[in-house]
Each structure stands twice: as structure tokens, then as C-alpha cells.
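In: predicted coordinates and the sequence they were generated for:
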Amino acid sequence: MDTSTARPLCKGKTKNGQPCQGYAVSGSEYCFSHDPASAAQRAESRRKGGMARHGRIIGKIEPDEPQQARQRVTLDSPAAALKLIERACNDVLRLENSVNRNRVLIAGAVAFTKLYEVSELAARLEAMEKRLDELQKTG
């Protein structure tokens with residue numbers, strides 16, 4: 001009498017003809033991947049998985065996003081460029097993690113840093129020019 005509680009291995013074969021190393025599901029001699037009775041469920045799972053991965057659209061506005069995210073961006077100021085970078089990064093964050101996704105996020109961070117530096121320098125220059133004008137008028 002066998003007293004082991006180990007589940008039996010699947011009787012299916014892999015694509016290269018080797019025995020499957022998966023465990024048989026309860027009431028079957030096959031694992032989920034090889035069980036003929038699970039074929040419809042496997043197909044539905046593949047369909048849902050494909051939709052989840054590929055069904056996202058970059059730039060698509062979700063119903064729960066604020067109204068300002070639905071408006072177009074016009075690049076007429078550093079603040080507008082910052083808004084574009086922010087929106088692009090938010091769109092990319094919705095995608096599956098990948099090397100390319102991370103490259104885009106890093107590029108967005110670099111662009112933000114450069115934009116911030118330039119904006120700071122422009123503000124300082126404007127303050128200096130204003131002060132110079134004041135000094136020239138009084139002196």
C-alpha cells in the first residue's frame with residue numbers, strides 16, 4: 001500500500017518529446033497545460049493575457065484622470081514643456097516594465113533636469129537684467 005501524498009506527474013509530453021515535469025491536476029492524468037478538458041479555459045486565459053498586455057494605448061485617457069490631462073499641450077513655455085514631459089512619463093509608467101520603458105523614463109528625468117537648470121538660469125538672468133536697468137536709471 002502506497003502511503004505517499006505526492007501528486008502524480010503529468011502524462012503529457014513537451015514540444016521536444018520529453019515527459020512533462022508538471023503535476024497532474026486533481027481528477028486528471030494531465031497538468032493544466034496538457035489536459036484536454038482544460039483547452040477552452042487555456043484559450044480564454046491566453047486571450048485575456050494578450051489583451052492585458054497589448055490592450056493598452058499610449059496616451060489614452062482613463063475615465064478617472066483629471067480633466068486637465070485631457071487637454072492638448074502647446075509648447076510655448078518651459079512650464080508647458082515640463083507638462084509634456086510629465087504626461088509622457090505618466091503614459092510610459094502604464095506600460096509593462098522593460099528596458100525601453102526605463103530608457104524613456106530616464107530620458108524624461110534628464111530632460112526635466114535640463115529644463116529646470118535652464119529655467120533657473122533664465123530667472124537669475126532676468127533678475128540681474130532688471131537690477132542692472134534699475135541701477136542705470138538711478139546712476
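Out: The structure has been received and is ready for your questions.
In: ok, what's across the strand from residue 23?
Out: Residue 23 has these beta-bridge partners by DSSP bridges: residue 9.
In: for this structure, which residue is closest to the average position?
Out: residue 95 (2.3 Å; CA atoms, centre = their mean).
In: the residue nearest to that one when sequence neighbours are not counted is in what secondary structure piece?
Out: The spatial neighbour of residue 95 that comes closest, neighbours along the chain excluded (CB to CB, 6 or more residues apart in numbering), is residue 101 at 5.2 Å. C-betas here are computed from N, CA, C, even on glycine. Per DSSP states H and E, residue 101 falls inside helix 99-138.
In: who are the packing partners of that helix?
Out: When contacts are defined as 3 or more CB pairs under 8 Å, 6 or more residues apart in numbering; DSSP states H and E, helix 99-138 sits against helix 78-93.
In: what does the helix it packs on contact?
Out: Helix 78-93 is contacted by residues 58-59, 69, 73-75, 101, 104-105, 108-109, 111-112, 115, 118-119, 122 when judged by CB atoms under 8 Å, 6 or more residues apart in numbering.
In: repeat that with 6 Å
Out: With CB atoms under 6 Å, 6 or more residues apart in numbering as the test, helix 78-93 has contacts from 58-59, 73-75, 101, 104-105, 108, 111-112, 115, 119.
In: do the same with stretch 34-48
Out: By CB under 6 Å, 6+ apart, stretch 34-48 touches 10, 12, 20, 28, 32.
In: which of these tops the neighbour count?
Out: residue 10 (22 neighbours; other CB atoms under 10 Å).
In: coming back round to it: so the residue nearest to the centre of the chain: helix, strand or coil?
Out: Reduced to three states with DSSP: H, G, I helix; E, B strand; the rest coil, the structure at residue 95 is coil.
In: look at it and report its pLDDT.
Out: On pLDDT, residue 95 comes in at 86.
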